[in-house]
Structure formats: structure tokens, C-alpha cells
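no FASTA, just this:
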């Protein structure tokens, strides 16, 4: 079986790529593949949007991916930049990267560790 990591970078306002790729992640999971989904860059804004807008196009796809445990995290640095890190943590989504331990302000460490994912055998699928 394959290993796939979806990296959602697509900005709000264009739900099609996000909804479609969350559906693809589900389909791969159904087929027994190892699938993880990360939200990065402007894509981190989809988490509060999907959580707070049950009538939105992305909501059902996001909720199903979350229920299946496919959502592996969001970039803490980007979430902090967009001032939605508290919203993402409240949604129960892990933040990767962000502030370095002991840092006074925003760190410069982005998540996820794409090199680490590739080293683990994941094929990266960038959605943005």
C-alpha cells in the first residue's frame, strides 16, 4: 500500500481544491493506504472556516477527514501569522512548528517536516 501526505496550501475563497483533495484522501484511506493531511500557509485558515461553517462546501469533507484521524496537523507558524492558532488548537488539530522553545516572538520553524515525511516513504501532494 502507498503512503500519501496531502499539504493543503489553498487560500480561502476557492473551496474546490480543498474539498476535492479531502475526498481523495478519504478514497485512499478507504483503499487501505496510509494517508495524512496537513494545513499549511493560507490553507491553515480552512480549519476555522470548516469548523464554524457547517453549510460551507469544505465542512463535510473536513469533518469526515477529521473523524477518520487523517488530519495530522497545521503549521503553527502560519496559524500564528494569521492569528488563528487558538482556533486551531480549540478544534483539536495539532500545530506543527511555530514558536521555538523559549522564543520571545513568532519562531521561524514551519511545519510539517516534509523531508521527514519523504524519509518515511510518503508521497507529497501539494494542494494550492
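Structure's in. What do you need? This is a predicted model, so every value here is computed, not measured.

And the next helix or strand past the worst-scoring helix or strand of the chain on mean pLDDT?
Every helix and strand in the chain was compared by mean pLDDT, DSSP states H and E; the lowest is strand 109-110, with a mean of 70. Heading C-terminal from strand 109-110, the first helix or strand you meet, by DSSP states H and E, is helix 114-119.

ok, the following helix or strand past that following helix: who's next to it in the sheet?
Downstream of helix 114-119, the next assigned helix or strand under DSSP H and E is strand 123-127. Using DSSP bridges, the strands paired with strand 123-127 are strand 3-8 (parallel).

roughly how far out does the partner strand sit from the chain middle?
9 Å (Cα atoms, centre = their mean, to the nearest Å).

Then stretch 33-49?
2 Å.

in it, what counts as buried?
For stretch 33-49, the buried set under the neighbour-count rule, 16 or more other Cβ atoms under 10 Å, comprises 35-49. Glycine gets a C-beta too; all of them are placed from N, C-alpha and C.

doesn't residue 43 make contact with residue 128?
Yes - between residue 128 and residue 43 there is a contact at 6.6 Å, judged by Cβ atoms under 8 Å.

and the helix or strand that residue 66 is a member of, what does it pack onto?
Element membership of residue 66 [criterion: DSSP H and E] is helix 59-67. Secondary-structure packing of helix 59-67 (3 or more Cβ pairs under 8 Å, 6 or more residues apart in numbering; DSSP states H and E): helix 15-30, helix 46-52.
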